[in-house]
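Asks: Return atomic coordinates for the entry below.
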Amino acid sequence: MTTLLGLVILASLAASPLAASETVNVRSSCWASSRLSEDVATIARAPGRWACGDRAYSLSGERVLLRFEIDAAAPLPQYLFSRRSALQAVHLVAIDRDGAMRQAFLLSSDLHSSLRGGYFKAPLSGITSDTRQVVVAFDLPSHRMTLERAYLAPADLTLGPDLLRSLLILAMLAGTLSMPLIFNAAFYRILREPFVLWHSALTISLLLTILISSGIAVVLFDPPAMILSWMTTVIFGLTVASGAMFTYSFIEPGYMHPLLRKALLYCAAWAILLSTFHAAFPFVARPIQSTVYTAAFAPIIVIFILAVADALWRGSRAAKFQAVGYIPVIMAGLVRLVTGVVPWLESNDAMFLFYAGCACEVLFTTLGVADRFMTIKHQRDNARVEADVLKRLSERDPLTGLLNRRAIEQNFEKYRADGYHTLAVLDLDHFKTINDLHGHGTGDAVLKAVAEVLQADLHVHAFRLGGEEFVLLVRGEDAPLRAERRRQAIPAAIANAVSGLGHPVTASMGIADAPPDADMVFAELYRQADTLLYDAKLAGRNRTKVSSTQAAKDHANSTFDDAAICG
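Replies: Below is the predicted model:
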């Protein structure tokens, strides 16, 4: 419905009073060509040089002349209007019924843009009620459209209510084109995908095309007509290039043939090269240059259509949005291509179709960008979840479910920042005997029972470093006591979980403490606790050894007596 509404608005624009004065406009009746060295007045007086009733204009001559017949009963023309394209100069000759002539000469740099989009204007001086013919000579015209669209009018367009309404509609369309830039900025902050940038470049180039091809640019800053002419050419190349790069990066990986995707890169470079060369050197091969320039875009259209079709055939979701959004723009390009290449067809830039294409591009490709954005975000969220799961799995001991050495080493600084300054290393006594007498299955059951005793809480993190060795990270003033209670609970827990062992399974433990302000790494603190564990083993096992500073602190607080330490 939005698209239909936009087309209705554009249709009203096409039918606006911009063409209301066509009934009093004067079109050329005859044309001639000559060399630049020939005199314009001499050709005007030579009837044999003129071709009348034939509008198949040719650019083969250096100068092309158009003759306009003036009706004495109609309003006198005051301006020449024609489509902007590169040319060298314009000669204006007014011929009275008595044969008197008045001439004017304008360089291309002196031509001004008209409020009628895409046209330049030149004032006609010396037109009187006796004037019966006006001859206009274009030096080195570069496009047939300049000749085909030339006409004389009694007045220039003015910013009246009707024209203002038309420009306002185009301004609204330009404003609509600017909206995707806001969305793209938000998208790019979250996902740094290149297709978002290329879509922004495409949107900007379309926006500039609308401003320059309409009368909005004339209202805003009124640049010379030839400036807008070469700007239109360059921006057209940028539009095609950014569209090709957008397609290259927008279609999902694996949903386009690699050769077609690579060809889009060459299309972008080719479009930039063509438009830049044509704008900078419009007279190199002037008689055929505009035709060759237009025809040179045919491979780009073909490759683009093949690329989108291939992506659709492969099941690309993004290609569906792009195909629908680009249909009017592609149709406008085909109209320009066919009418610009076929000699007997009048050139047509299909601006109405182009404006409709802009509306469709804004609607559908922006929806496509949003859809692709959500798809990529969903894929990345899933990938992050899977990565988090794998990370958690990589930090867990598969037998006991406790955290492993990798987890404590990678997160030690974080644990310390959270207040875990006490580290206890715990080792089961004579565990090898259990495996030798009862088998590894029983040994695994013993380890699982130990893990149940050592389960973490708000103040304790438990780790299995390997074999029968475990580590506790504890925080709080009573940290050693918390660790000791877990060690002392091990024999009863194993006896309840594993039957037939014949003797209690005990554990030895060493406890070291890192002062909160000390810059101590895990390896250093672990070495201290492991040394204390070794001392506990030498002292007869089934006991805990605490670092001297921690033991003194615990004795002062009366929370960890000798009996608890010795077990």
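
Asks: residues near E484, how many?
Replies: By other CB atoms under 10 Å, 22 other residues sit near E484. Bear in mind the C-beta positions are built from the backbone N, C-alpha and C, glycine included.

Asks: Report pLDDT for D310.
Replies: Per-residue confidence (pLDDT) for D310: 95.

Asks: Tell me who's in contact with it.
Replies: Each residue near D310 by CB atoms under 8 Å, 6 or more residues apart in numbering is listed here: M256, H257, L260.

Asks: Serialize those residues to TSV and add fields for neighbour count, secondary structure and distance to K377.
Replies: As requested, those are exported to TSV (neighbours: other CB atoms under 10 Å; DSSP: H, G, I helix; E, B strand; the rest coil; distance: CB to CB, whole Å):
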residue	neighbour count	secondary structure	distance to K377
M256	26	coil	22
H257	14	coil	27
L260	19	helix	27
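
Asks: List phi and psi for G476.
Replies: phi 110, psi 160 (degrees, to the nearest 10).

Asks: Below-threshold pLDDT in the chain: ranges please.
Replies: 1-23, 158-160, 162-164, 167, 170, 390-391, 393, 548-567 (pLDDT under 70).

Asks: the residue most distant from the middle of it, which is it?
Replies: For the chain, the largest distance from the centre (CA atoms, centre = their mean) belongs to G502, which lies 71.4 Å off.

Asks: where's that residue relative to D427, distance?
Replies: As judged by CB to CB, to the nearest Å, G502 and D427 stand 21 Å apart.

Asks: what do you get for Q410?
Replies: In terms of CB to CB, Q410 sits 23 Å off from D427.

Asks: Give me the more crowded residue out of those two.
Replies: The residue with more neighbours, out of Q410 and D427, is D427; 20 against 13, by other CB under 10 Å.

Asks: check contacts around that one.
Replies: Per CB under 8 Å, 6+ apart, neighbours of D427: E468, E469, F470, A507, S508, M509, L533, K537.

Asks: between those, which is nearest S28?
Replies: F470 (98.9 Å; CB to CB).

Asks: Who are the contact partners of F105?
Replies: A89, V90, H91, L92.

Asks: before we move on, the earlier item: how about the residue farthest from the centre of the chain, secondary structure?
Replies: coil (DSSP: H, G, I helix; E, B strand; the rest coil).

Asks: Could you pull up the residues touching the residue nearest to the spatial centre of the chain?
Replies: Taking CA atoms, centre = their mean, the centroid of the chain lies closest to V196, which sits 1.3 Å from it. Contacts for V196 (CB under 8 Å, 6+ apart) come out as N184, F187, Y188, V369, F373.

Asks: for V329, same thing?
Replies: So V329 contacts G243, F354, G357, C358, C360, E361 (CB under 8 Å, 6+ apart).

Asks: Name the member of those residues with the most neighbours.
Replies: Of those, with other CB under 10 Å as the count, G243 tops at 28 neighbours.

Asks: which non-adjacent residue is nearest it?
Replies: In space, and not counting its chain neighbours, G243 is closest to L202: 5.3 Å by CB to CB, 6 or more residues apart in numbering.

Asks: from what I can see that neighbour touches F246, true?
Replies: Yes. Because the distance of 5.2 Å satisfies CB atoms under 8 Å, L202 is recorded as touching F246.

Asks: Can you pull the residues that touch both of those two?
Replies: Shared contacts of L202 and F246, counting by CB under 8 Å, 6+ apart, come down to T365.

Asks: isn't there a strand covering L66?
Replies: Yes. Counting by three-state DSSP, L66 falls inside a strand.

Asks: sorry, back to before: can you pull the contacts of the residue farthest from the centre of the chain?
Replies: Taking CB under 8 Å, 6+ apart as the definition, G502 has no contacts.

Asks: how close does it get to G439?
Replies: The value you get for G502 to G439, if CB to CB is used, is 14 Å.

Asks: cool, H459 as well?
Replies: In terms of CB to CB, H459 sits 36 Å off from G439.

Asks: which of the two has more neighbours?
Replies: More crowded of H459 and G439, by other CB under 10 Å: H459, with 15 against 11.

Asks: I'd assumed E477 was in contact with the more buried one.
Replies: No. Distance between H459 and E477: 10.3 Å, which falls outside the contact criterion (CB under 8 Å).

Asks: Tell me, how many residues neighbour G540?
Replies: Using other CB under 10 Å: G540 sits among 11 other residues.

Asks: where does it land in three-state SS?
Replies: G540 ends up coil, using three-state DSSP.

Asks: And it, its phi and psi?
Replies: phi 120, psi 0.

Asks: can you pull up the bridge partners for the spatially closest residue to S547 that is not a sequence neighbour?
Replies: Nearest non-adjacent residue to S547, counting by CB to CB, 6+ apart: A512, 4.8 Å away. Applying DSSP bridges to A512 yields these beta-bridge partners: L423.

Asks: Now do the helices in the stretch 301-450 of the chain.
Replies: 317-341, 351-360, 366-394, 405-410, 412-417, 431-438, 440-453 (DSSP state H, counting those that start in this stretch).

Asks: Same list (those helices) but as a markdown table, adding distance to P141.
Replies: Listed next are these as a markdown table, based on distance: least, CB to CB, whole Å:
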| stretch | distance to P141 |
| --- | --- |
| helix 317-341 | 14 |
| helix 351-360 | 20 |
| helix 366-394 | 39 |
| helix 405-410 | 73 |
| helix 412-417 | 75 |
| helix 431-438 | 98 |
| helix 440-453 | 90 |
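
Asks: So which of those is the most surrounded?
Replies: Counting by mean count of other CB atoms under 10 Å, helix 351-360 has the highest mean neighbour count of these, with a mean of 22.

Asks: That helix - contacts with which helices or strands?
Replies: helix 2-14, helix 161-190, helix 194-213, helix 317-341 (3 or more CB pairs under 8 Å, 6 or more residues apart in numbering; DSSP states H and E).

Asks: and of these, who's closest to R102?
Replies: Each of these was scored for nearness to R102 using CB to CB, and the closest is helix 161-190 (30.9 Å).

Asks: Now do the buried residues in the closest one.
Replies: Residues of helix 161-190 classed as buried by neighbour count (16 or more other CB atoms under 10 Å): 163, 166-167, 169-171, 173-174, 176-177, 180, 183-184, 187-188.

Asks: Can you check what angle separates that helix from helix 351-360?
Replies: 40 degrees (axes from the mean of the first three to the mean of the last three CA atoms, to 10 degrees).

Asks: name the helices or strands packed onto helix 161-190?
Replies: With contacts defined as 3+ CB pairs under 8 Å, 6+ apart, the packing partners of helix 161-190 are helix 2-14, helix 194-213, helix 216-220, helix 351-360, helix 366-394.

Asks: nearest to L345, of these?
Replies: Per CB to CB, nearest to L345 of these: helix 351-360, 15.8 Å.

Asks: Now distance to C30 too, for the helices and strands packed on helix 161-190, in JSON lines please.
Replies: As requested, the helices and strands packed on helix 161-190 are exported to JSON lines (distance: least, CB to CB, whole Å):
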{"stretch": "helix 2-14", "distance to C30": "30"}
{"stretch": "helix 194-213", "distance to C30": "30"}
{"stretch": "helix 216-220", "distance to C30": "31"}
{"stretch": "helix 351-360", "distance to C30": "28"}
{"stretch": "helix 366-394", "distance to C30": "50"}
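
Asks: To Y57, which of those helices lies closest?
Replies: Closest approach to Y57 among the helices and strands packed on helix 161-190 is made by helix 351-360 (20.5 Å; CB to CB).

Asks: Just the CA atoms of that closest one, as CSV, please.
Replies: The C-alpha trace of helix 351-360 is given here as CSV (Å, rounded to 0.1, in the frame of the first residue of the first chain):
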residue,chain,number,x,y,z
MET,A,351,12.6,9.8,-14.8
PHE,A,352,9.1,9.0,-13.6
LEU,A,353,10.0,5.3,-13.6
PHE,A,354,13.2,6.2,-11.8
TYR,A,355,11.4,8.1,-9.1
ALA,A,356,9.1,5.1,-8.6
GLY,A,357,12.2,2.9,-8.5
CYS,A,358,13.6,5.1,-5.7
ALA,A,359,10.4,4.6,-3.7
CYS,A,360,10.5,0.8,-4.2
